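Asks: Got a sequence here, can you model it:
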Amino acid sequence: MQPLENPALLDYLMERGIGLDTAHVHCSEVHYRVADKFYFAVGFRNDAGGWDLRNRYFKGCTSKAPTTRRGDYPTCLVFEGFMNYLSYLTLKRNPTPPHNIAVLNSVTNLAKVVPFIASHEQVYAYLDNDEAGRKATTELKAACRNLSDQSVHYRPHNDLNDYLRSQRPVKEHRRSHGCKL
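Replies: Numbering: from 1, shown residues only. Here you go, the predicted model:
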């Protein structure tokens, strides 16, 4: 684990529309080995002490667990994955919002974090606009006394990162081709 410096990872985050200042606050560069091959990825620490890992070619984790940020706030923001959380922070231009945070890192982690989420006076859910996201939102509505489904604000996009990318299109770099002789 080290600060994010690898140009390929920084390019990947920029392609996803993520502000690098925000990514530096919440993520690390993680190097790991699988079957004697070395890899690197953007790492987002989870509550089990493991990492959710992303790069242009890989999406995985070292341990399945949600990530929570706990403070003395009556509100909780819920995200399906850390790219959506980083997208929210990028859109709000605030790397440390005044809310408690629950990043599921997979909808399969919802049951692990429901007691934390449900303990808040107000919950804002930023889950995906797909079947799994809608099901998770329905489960949260049943558990929380005051849940606001924020996915309506980024429809017809699948998730908050897709919405962010639609608002900030990435400029394509043209490859310079040398003159052929």
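
Asks: Give me the domain ranges for the chain.
Replies: Domain assignment for the chain by automatic domain parsing gives 7-61, 67-167.

Asks: Now these in CSV, please, with extra columns for mean neighbour count and mean pLDDT.
Replies: C-betas here are computed from N, CA, C, even on glycine. Listed next are the domains of the chain as CSV, based on neighbours: other C-beta atoms under 10 Å; pLDDT from 0 to 100:
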stretch, mean neighbour count, mean pLDDT
domain 7-61, 17, 96
domain 67-167, 18, 97
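
Asks: Is it possible to get TSV of those that adds distance to Met1?
Replies: What follows is these, written out as TSV (distance: least, C-beta to C-beta, whole Å):
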stretch	distance to Met1
domain 7-61	5
domain 67-167	15
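
Asks: Of all the strand elements in the protein, which one is longest?
Replies: Taking DSSP state E as the criterion, the chain has its longest strand at strand 37-45.

Asks: That one - contacts with which helices or strands?
Replies: Applying 3 or more C-beta pairs under 8 Å, 6 or more residues apart in numbering; DSSP states H and E, one finds that strand 37-45 contacts helix 7-15, strand 28-34, strand 51-55.

Asks: ok, now with 10 Å
Replies: Secondary-structure packing of strand 37-45 (3 or more C-beta pairs under 10 Å, 6 or more residues apart in numbering; DSSP states H and E): helix 7-15, helix 20-26, strand 28-34, strand 51-55, strand 58-61, helix 82-92.
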